[in-house]
Structure formats: C-alpha cells, structure tokens
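Asks: let's see this in three dimensions:
(chains A, B, C and D)
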Number of protein chains: 2
Amino acid sequence: MAQGRDEIPPGTLYLLILKTLARYGELHGFEIANSIQQTTEDVLQVEEGSLYPALQRMLIKGWVVARWGTTAGNRRARYYQLTAAGRKQLAVEISQFERVMGAIARVIQTA
Amino acid sequence: MAQGRDEIPPGTLYLLILKTLARYGELHGFEIANSIQQTTEDVLQVEEGSLYPALQRMLIKGWVVARWGTTAGNRRARYYQLTAAGRKQLAVEISQFERVMGAIARVIQTA
DNA sequence: AGACTTACATAGTCTATCTATATAGACCAC
DNA sequence: GTGGTCTATATAGATAGACTATGTAAGTCT
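Replies: Below you'll find the predicted structure:
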C-alpha cells in the first residue's frame, strides 16, 4: 500500500492556506502549495485547480490581500498576506476543526 | 455562537458508521444515528438522507449485512452487522483518518 | 529554436453529504 | 376511531468543495 498522497479533506483547505500564510507572513501561491506539501511530509498536496480558486474566494471574502511581485527566480507571482479578518477566520477554522475532529476521535476511541 | 451542529466531514461517514457497529455488534439505522449524535455530544448529527444511502452502499460493498427485525418499541427496523470485510475496512478508514488528520495537525501546530 | 520549469488561471467533472419529501406502522389522546 | 405524533426506512434532487484537464505566459538551459 504505497503511501499515496491523499486528497485535502473538504473543509480544511482554507484552514491550511490561512495557517500557512500566518506562519510565513507573505507567500505566493506556488509557495503556499509547496509549504503545505512539505509540512505534511507529502501526505497532502494541494492541486492548482483547488489552490487558485480558493485564493480568489479568499480575496473576495477579505481574508487576504494580494500584490503582484517578482520571485527570487525572476518570475512574476502574486503574493498573499493575511488581513485582520483572515487572522480571525483562521482562529474560527482551527476551533471548528478541533471541535469536529475531537468528536470523531471520541467515536473512534470508544471500546 | 450557538454551538450549532456541524456537518459530517466528507469522507468520515463510513468510518463513523463502521466504528459504531463495531462497538455495538448489531444496530438498526436509527440507533446508529442516535449513537453517533450521543457519542459526539451533539457535535455531529447524521442526517437520514446521508445515513440510509450510505448503509445501502455499504451493503453492496459487503461491509455489512442486514436483517429485518422488530425494535423494543415494536416497530419494524433493519438491523446491520459488520462483516469481516467491514472490520477490515474500518481499520483502513481509521488508519487513513489518522494519517490525514496528523498531517493537518502538523500544519496547525507550526509556530 | 525548442524543451523544461515556474506560476497563475478557468471550465467542467465528480464525490459525498445535505434538504426535502414520501411511505408506513405504532401509540396516545380525545 | 381518527387525528396527531413518533419511529423508522427510503429516494430524488440540490449543493459544496476539491479534483482533472487545459491553457496562458514568461524565464532558463542547451
């Protein structure tokens, strides 16, 4: 059973992106995806078709702001940062995640 | 913020049902739903439109077997039990769940 | 020039749970 | 005895969220 990558569990993508931005301050999309993949030791991989639409929805929601810039490798990239609303949302997402996962854990751990 | 019930996170419904059956041996649909709700202290509630289709898919997959019977309250009900394949699947689901949740936890816990 | 890589973006698909609705029988109250 | 409520199962259709596939563009390397 080849330790294949799993999908991002629906409902956790915003959480992963928000937390990654909170950690690094400012990143562009590609870096966000790479960071998540590395931090999870290849367990989770965010696909481009999930990442970019999510970032745009997050812009609309006001959780992040973006600016166009240039990478170290001299390519154009869009850099994202959390807003105050984004930080607040991150706290909400973490709290919900822990609440729901704790509930499932209680079911799993019953004798 | 009124501690509203959350949805069952996609991908965890089979796990919850399988584990609940493993715990009690034999239950009918209503009892499965009630047990999950109670064990999670009202955090999770399985809706009927999710539960019954899921049970039917699990029958087809061979994870459970069913018999029609009568409840203590003298109503007809369909009682489900795990098969060997169902117990095996439960182990797989738990392992996947822990793998993915552990990965997300690593992201959340970074400084 | 051509191939490869980085980086962003969008349209459409797919999966899984939900909402809404329907059926049927048992029990209770009046 | 019938109307209302509760238990219990079931199905159809809606919805949400991440995916696949595809496309663009620009930089580097040979």
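Asks: now do the contacts for A:G49.
Replies: Under the criterion of Cβ atoms under 8 Å, 6 or more residues apart in numbering or on different chains, A:G49 has no neighbours. All C-beta atoms are positioned from the backbone trio N, CA, C, and that covers glycine.
Asks: just checking the distance from the host helix or strand of it to the centre of its chain.
Replies: According to DSSP states H and E, A:G49 maps onto helix A:48-61. Its chain's C-alpha centre and that of helix A:48-61 lie 10 Å apart, by Cα atoms, centre = their mean, to the nearest Å.
Asks: need the CA coordinates for that helix. CSV is fine.
Replies: Extracted C-alpha coordinates of helix A:48-61, given in CSV (Å, rounded to 0.1, in the frame of the first residue of the first chain):
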residue,chain,number,x,y,z
GLU,A,48,-3.5,24.1,-8.6
GLY,A,49,-7.2,23.7,-9.6
SER,A,50,-8.0,23.8,-5.9
LEU,A,51,-5.5,26.4,-4.8
TYR,A,52,-6.0,29.3,-7.1
PRO,A,53,-9.8,29.3,-7.0
ALA,A,54,-9.6,29.1,-3.2
LEU,A,55,-7.2,32.1,-3.1
GLN,A,56,-9.6,34.1,-5.2
ARG,A,57,-12.5,33.3,-3.0
MET,A,58,-10.4,34.3,0.0
LEU,A,59,-9.6,37.7,-1.7
ILE,A,60,-13.3,38.3,-2.2
LYS,A,61,-14.0,37.3,1.4
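Asks: and it, which residues are buried?
Replies: Neighbour counts over helix A:48-61 (16 or more other Cβ atoms under 10 Å in any protein chain shown) mark A:S50, A:L51, A:A54, A:L55, A:M58 as buried.
Asks: close to DNA strand D, is stretch A:100-108?
Replies: No. Stretch A:100-108 is not in contact with DNA strand D by Cβ under 7 Å from any atom of the strand; minimum separation 13.2 Å.
Asks: that stretch: how far from the chain's middle?
Replies: Worked out by Cα atoms, centre = their mean, stretch A:100-108 lies 22 Å from the chain centre.
Asks: what about stretch A:9-27, near DNA strand C?
Replies: No. Stretch A:9-27 does not reach DNA strand C (Cβ under 7 Å from any atom of the strand); its nearest approach is 7.6 Å.
Asks: on that earlier part again, and the helix holding A:G49 with DNA strand D, contact?
Replies: Yes. With Cβ under 7 Å from any atom of the strand as the measure, helix A:48-61 is seen reaching DNA strand D through A:E48, A:G49, A:S50, A:P53, A:A54.
Asks: nearest to DNA strand D, of the buried residues of helix A:48-61?
Replies: A:S50 (2.8 Å; Cβ to the nearest atom of the strand).
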